[in-house]
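Enquirer: Return atomic coordinates for the entry below.
(2 chains)
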Amino acid sequence: MDSYVSSPTFYFKLFSFSFQQMTITDLIQSATINAIQELYGETITPEQASITVTRKEFEGDFTIVTFPFTRFAKKKPGEIAEELGIHLVKNVPQLDRFNVVQGFLNLVVADSFWTDFLMQIAGNQDFGRLSKNGKKVMIEYCSPNTNKPLHLGHVRNILLGWSCSQICEAAGYDVVKVQVVNDRGIAICKSMLAWQKFGEGKTPESTGTKSDHFVGDYYVLFEQKFQEEYKAWQSSAAGQQVLDEKRKPEQSDEQFFKDFKNTYFNEYSALGREARDMLLRWEAGDPDTKALWQQMNQWVYDGFGKTYQALGVSFDKFYYESETYLLGKDIVEQGLASGVFYKKEDGSVWADLTDAKLDHKVVMRSDGTSVYITQDLGTAQVRYHDFGADKVVYVVADEQNYHFQVLFELLKRLGEPYAAGLHHLSYGMVDLPTGKMKSREGTVVDADDLIAEVIAEAREASKERGEITELSKTEQEDILRKIGLAALKFHIIKVGPQKRMVFDPKESVDLQGQTGPHIQYAYVRIKSVLRKAADLGIAPSAIRNPQSAIEPQERELIAQLYRFPATVETAATNYDPSEVANYCYDLAKAFHKFFTDLSILKAETEEAKAFRLQLCAAVANVLKTGMGLLGIEMPERM
RNA sequence: GGCCCCGUAGCUCAGCGGAUAGAGCAUCUGCCUUCUAAGCAGAUGGCCCCUGGUUCGAUUCCAGGCGGGGUCACCA
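Expert: Numbering: from 1, shown residues only, chains lettered A, B, ... in the order given. This is a model prediction of the structure:
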């Protein structure tokens, strides 16, 4: 029966000096297994002895459902619950009493257990951070193209990637954050060409434009000029001739030209030819082209850097596709030799993945050049060589689900040592209330605009409150920045990654209800009380007279705090920051309830004041840590 | 068409084998002679997409539908 005890999920670390301690639920669970053995002579598994948190309309902390035990106990659920309750309270010192409702056994944990726990975590800044597990996880996120600025989609990606990295770190991993930059290809050539033709030597400085937006503007300009050219061609004799020859009977003229756009770009367009020529010159290493490319990209990186800084995120290493796009060919050779790949008559190389319910997949073109996935194979290997990693997480939108299934399958078949630790953190696209974001229709929400907007909104709301007007201008701005970003970040991160989400700009700026600022506000209230207590000379203390019972609001808060380490752990194993977000909200909510129901500095006894202060301090600490895992900073006042 | 994801209050989302399914927003009603009302309490609002199956028990697991999205390029 030791087998389940040795499983790491049944432990978490309470203290910074690492020793492992069973949680109270594990204690109850193993005691339940013993009790069932003694009472009914039946051996049950931990899964069968499932413990849940008691619903708040009943008295108790934890609940055991006894229905499954009727099979062998040959008694009514209520009777079993009664017998089990007596046995557990007798054998588990941490349990004070129990009650039975239907077949549900509600267990009440002794006050002393909760106060002891609070004493243990008092003053421990690292509570919730698990000790190092000696493993490394590499997280790739953001991965932008360099032809235009970051938008709302990138923001979701960045927030997911960043908070995952923070959560993994808290869960004991070493973390390497990497970004793959798509800095080459036809898209950046379009920006380059438009700037070269129409830019008149302008620069971000000369126009006062944020430099990534400056480059993006030329990308847009290219599209405009191309559309003009295409429109003109459509009504020309040449265009009409193609229409007559190639239009399918069921197609309208308009539909035909819409579908024909790519072909036009590649085979007819003058601008298209110029852009493709530029790409060819780039690939040939033409110095002028390279210099222009470098200049444009540098502008973009400078601009991106500012956005990352505004969002409070960073990367340990950037990989550039211009340096990796030729990688992977040796892997293809090895794969051919080992029989993972096969070659077709035309010279193209394929993998047959049909037995893994996937398709045949090209890994090398017939002309010997590599495709997208070849490059990914190469990059995976290079990165592993650079850092080593037990787990590799790719934060990429769910439109690439199939791609990653194939990539992981290939890496597995190639026998890469990290293949078992690969994970695609797939997230749903972000929609607007008006529908999908479409760059062509100009409905894309720009990241920088969004950040500015949420801060402006916080400023507006702050004016009405007048709470921070005494502070210096810089302090005020710092607070407003924290509040605005908390609203934005929490609004996005609270949604489970897998779900496609609707982003309503109006709601993202809300400061009330289930929002980041609501949680910050709980923290600020605590900080305010702690300052006042210091002035009054009241020191926090978890020591409590055993005679005075803990209030339900206090108990609820402590029980919430108790769940924090386990929350961090599951969020890390699931790569799901929304679990931490929802936890923080629940904790803040419980605090606000406590705060309005019970007075801290005017509590009945000195001892109660000190105890509540200690509880508050612990809540503040967990809120700060938890929100920190989401990349959200806490202000001291608001 | 094959495969994958999603379907819970008017809206945005939690819950994912267990008790009468929860929050926030919106609508309505109360609570500031001060530990910050960005808060709290209450009211209103649900065939948990449908139909079967497994189970003592299904919103939760399985199968089949329906609706929405994605993806099936020698594109990235």
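Enquirer: Looks like residue A:543 contacts residue A:610 (just checking).
Expert: Yes - with the criterion set as C-beta atoms under 8 Å, residue A:543 and residue A:610 qualify as a contacting pair; they are 7.5 Å apart. From N, CA and C alone the C-beta is placed, and that goes for glycine too.
Enquirer: who's more crowded, these two?
Expert: For residue A:543 and residue A:610, the more surrounded residue by other C-beta atoms under 10 Å is residue A:610, and the numbers stand at 20 against 12.
Enquirer: ok now do that one, which residues does it touch?
Expert: Taking C-beta atoms under 8 Å, 6 or more residues apart in numbering as the definition of contact, the neighbours of residue A:610 are A:538, A:539, A:540, A:541, A:543.
Enquirer: Can you give me the pLDDT of it?
Expert: Model confidence at residue A:610, given as pLDDT, is 94.
Enquirer: Check the secondary structure at it for me.
Expert: Classification of residue A:610 using DSSP: H, G, I helix; E, B strand; the rest coil returns helix.
Enquirer: and if you look at residue A:217?
Expert: Three-state call for residue A:217 (three-state DSSP): helix.
Enquirer: which residues does residue A:494 contact?
Expert: Taking C-beta under 8 Å, 6+ apart as the contact definition, residue A:494 lies against A:514, A:578, A:581, A:582, A:585.
Enquirer: which one of those is nearest RNA strand B?
Expert: Each of the contacts of residue A:494 was scored against RNA strand B by C-beta to the nearest atom of the strand, and residue A:514 proved nearest at 3.8 Å.
Enquirer: Roughly how far does the closest residue to residue A:502 other than its chain neighbours sit from residue A:525?
Expert: The shortest distance from residue A:502 to any non-neighbouring residue, by C-beta to C-beta, 6 or more residues apart in numbering, is to residue A:431 (5.1 Å). To residue A:525, residue A:431 is 35 Å away according to C-beta to C-beta, to the nearest Å.
Enquirer: higher neighbour count, the two?
Expert: Between residue A:431 and residue A:525, counting by other C-beta under 10 Å, residue A:525 is the more crowded of the two (19 against 15).
Enquirer: Apart from its neighbours in sequence, what residue is nearest the more buried one?
Expert: Nearest non-adjacent residue to residue A:525, counting by C-beta to C-beta, 6+ apart: residue A:595, 6.0 Å away.
Enquirer: Give the burial count for that neighbour, as a bare number.
Expert: Other residues near residue A:595 come to 19 when the count uses other C-beta under 10 Å.
Enquirer: Same check on residue A:261?
Expert: Count around residue A:261 with other C-beta under 10 Å applied: 13.
Enquirer: before we move on, the earlier item: can you confirm the residue nearest to residue A:502 is in a strand?
Expert: Yes - using three-state DSSP, the secondary structure at residue A:431 is a strand.
Enquirer: what's the nearest residue to residue A:173 if we skip its chain neighbours?
Expert: Closest residue in space to residue A:173, ignoring its immediate chain neighbours: residue A:137 at 4.6 Å, by C-beta to C-beta, 6+ apart.
Enquirer: Can you tell me the SS state at the one you found?
Expert: With three-state DSSP as the basis, residue A:137 sits in strand.
Enquirer: That one contacts residue A:170, doesn't it?
Expert: No - shown here, residue A:137 and residue A:170 do not form a contact pair, counting by C-beta under 8 Å, at 12.0 Å.
Enquirer: give me the residue from chain A nearest RNA strand B.
Expert: Going by C-beta to the nearest atom of the strand, RNA strand B is nearest to residue A:513 of chain A, at 2.1 Å.
Enquirer: So that residue lies in a strand, does it not?
Expert: No - judged by three-state DSSP, residue A:513 forms no part of a strand; its state is coil.
Enquirer: neighbours of it, just the number please.
Expert: Here the number of neighbours of residue A:513 (other C-beta under 10 Å) works out to 9.
Enquirer: again with residue A:234
Expert: Using other C-beta under 10 Å as the criterion, residue A:234 is surrounded by 18 other residues.
Enquirer: got the contact list for it?
Expert: Taking C-beta under 8 Å, 6+ apart as the definition of contact, the neighbours of residue A:234 are A:240, A:243, A:257.
Enquirer: Pop the domain breakdown of chain A in here.
Expert: Following automatic domain parsing, chain A resolves into domains at A:8-109, A:192-309, A:446-496+A:503-507, A:510-629.
Enquirer: Quick check: end-to-end length of the third one?
Expert: So that's domain A:446-496+A:503-507. Taking C-alpha to C-alpha, to the nearest Å, the span from the opening residue of domain A:446-496+A:503-507 to its closing residue is 17 Å.
Enquirer: what does stretch A:277-294 give?
Expert: Across stretch A:277-294, the terminal residues are separated by 17 Å (C-alpha to C-alpha).
Enquirer: Need the residues that contact it.
Expert: Contacts made with stretch A:277-294 from outside it, assessed by C-beta under 8 Å, 6+ apart, are listed as A:184, A:185, A:186, A:188, A:189, A:192, A:193, A:195, A:196.
Enquirer: 7 Å instead?
Expert: Contacts made with stretch A:277-294 from outside it, assessed by C-beta atoms under 7 Å, 6 or more residues apart in numbering, are listed as A:186, A:188, A:189, A:192, A:193, A:196.
Enquirer: Skipping adjacent residues, who's closest to residue A:332 in space?
Expert: Nearest in space to residue A:332, with sequence neighbours left out and distances taken as C-beta to C-beta, 6+ apart, is residue A:364 at 5.1 Å.
Enquirer: so the one you found makes contact with residue A:349?
Expert: Yes - applying C-beta atoms under 7 Å as the test, residue A:364 and residue A:349 come out as touching, 3.9 Å apart.
Enquirer: which residues are common contacts for these two?
Expert: Overlap between the neighbourhoods of residue A:364 and residue A:349 consists of residue A:332, taking contacts as C-beta under 7 Å, 6+ apart.
Enquirer: any idea which helix or strand carries the residue nearest the centre of chain A?
Expert: Computing the C-alpha centroid of chain A and ranking residues by C-alpha atoms, centre = their mean puts residue A:160 first, at 2.2 Å. Take DSSP states H and E as the rule and residue A:160 turns out to sit in helix A:152-170.
Enquirer: still on that earlier bit, what's opposite the residue nearest to residue A:502 in the beta bridge?
Expert: According to DSSP bridges, residue A:436, residue A:502 are recorded as the beta-bridge partners of residue A:431.
Enquirer: how about it, what does it touch?
Expert: Residue A:431 is in contact with A:500, A:502, A:503, counting by C-beta under 7 Å, 6+ apart.
Enquirer: Also residue A:492?
Expert: Contacts were defined as C-beta under 7 Å, 6+ apart; by that measure residue A:492 touches A:155, A:156, A:159.
Enquirer: Swap in 10 Å and give it another go.
Expert: Counting by C-beta atoms under 10 Å, 6 or more residues apart in numbering, residue A:492 makes contact with A:152, A:155-156, A:158-160, A:430, A:501, A:503, A:508, A:516, A:577-578, A:581, A:630.
Enquirer: Now do the SS call for the closest residue to residue A:138 other than its chain neighbours.
Expert: If the residues on either side of it in the chain are set aside, residue A:138 comes closest to residue A:389, at 4.1 Å by C-beta to C-beta, 6+ apart. Following three-state DSSP, the label given to residue A:389 is coil.
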